[in-house]
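[1] Starting from these lines, generate the structure:
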Amino acid sequence: MNTDAYFTGCKTHFCQDYALATDNQLVISDGCSSAKYTDVGARLVCWSYYQVCNKPFGSFNLLFEIAARVEAQRLQLRLPKEAAFATLIGVDITSNKVSVSMCGDGVIAYIVNGNLIVKSFTSPNNTPYYPAYMVDELITDKWVRENGNIRINSMDFINNELETSLANGTLSMLAIFSDGVSSIEGMSEIDVVVELCNFKTTNGSFVERRVKRFLKNKVFSDDISMAAVIF
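    Residues are numbered from 1 along each chain as shown. Below is the predicted model:
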């Protein structure tokens, strides 16, 4: 098994994406472009996911615990509340289980039996429900009034499919992306994801190599982050 992650900014603003790959976790976060210091928030989200997933016992509520950790660190750093407004897609891998958690928008892609499956998630009114909202009742209530009560993307179907395919030995690749993959000029989101999953080699920094090669001479208007695992 090999994991790797890479993130890069566009030319229109300072990069607010972050991506992290460890031996058994993948996680990406996309900071709100209209908020201050969300590049820091995205990093706090990713490292909090890593810390929670590596606890010796399971979390009673993974996303809430991540949000609480981010909030505590934000306060300690004296950052404004909006600095924590960042999405989360995380993948936790054990010997017999793959679990995806998601809060916000982005793309998940995986290969089962040689077939690439792509799942894209968008937020209502282009307003993601960030993990940080989970620890602020007033913001959550306002978001629900304006966007409805479906706040967290359910990963049950995807997780069941991944767990079954992992047990059967038919899962060969899993990748996660921020919504920046929909900002490539002249290309659809699905075509971009297909190209980024077309790895020439899968050793070492295989994600970084693929993203850099793909983006060469491309024009894109949003930050792009990607993390992947090869089984």
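[2] Can you give me the pLDDT of the residue nearest to the spatial centre of the chain?
    Central residue of the chain (Cα atoms, centre = their mean): residue 89, 2.9 Å from the mean position. In this model, residue 89 is scored at 97, pLDDT.
[3] Given the strand or helix carrying it, what are its sheet partners and their directions?
    Per DSSP states H and E: residue 89 is located in strand 88-94. Here strand 88-94 has these sheet partners by DSSP bridges: strand 25-30 (antiparallel), strand 97-103 (antiparallel).
[4] which residues make contact with that strand from outside it?
    Outside strand 88-94, the residues that touch it by Cβ atoms under 8 Å, 6 or more residues apart in numbering are 1, 24-29, 45-46, 49, 53, 63, 66, 98-104, 106, 108, 131, 174, 176-178, 227, 229. The way it works is simple: take the backbone N, C-alpha and C, and place the C-beta from them, glycine included.
[5] Check stretch 205-219 too.
    By Cβ under 8 Å, 6+ apart, stretch 205-219 touches 2, 4-6, 8, 21, 175, 184-187, 192, 195-196, 198-201, 224, 226-228, 230.
[6] quick one: which of those sit in helices?
    Using DSSP state H, 192, 195-196 are the members of the contacts of stretch 205-219 that sit in helices.
[7] Please indicate which of those has the highest neighbour count?
    residue 196 (24 neighbours; other Cβ atoms under 10 Å).
[8] Show the residue spans covered by the helices in the chain.
    Under DSSP H, the chain gives helices at 38-53, 62-77, 137-147, 156-168, 189-196, 206-215.
[9] got those helices as CSV, with distance to residue 120 and mean pLDDT columns?
    Shown next, in CSV, are the helices of the chain (distance: least, Cβ to Cβ, whole Å; pLDDT from 0 to 100):
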stretch, distance to residue 120, mean pLDDT
helix 38-53, 20, 97
helix 62-77, 20, 96
helix 137-147, 18, 95
helix 156-168, 12, 94
helix 189-196, 6, 97
helix 206-215, 18, 97
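[10] Let me know which of those helices is tucked in deepest.
    Burial of these is given as mean neighbour count (mean count of other Cβ atoms under 10 Å); helix 38-53 ranks first at a mean of 24.
[11] still on that earlier bit, between the helices of the chain, which one is closest to residue 119.
    Minimum separation from residue 119 across the helices of the chain (Cβ to Cβ) falls at helix 156-168, 6.4 Å.
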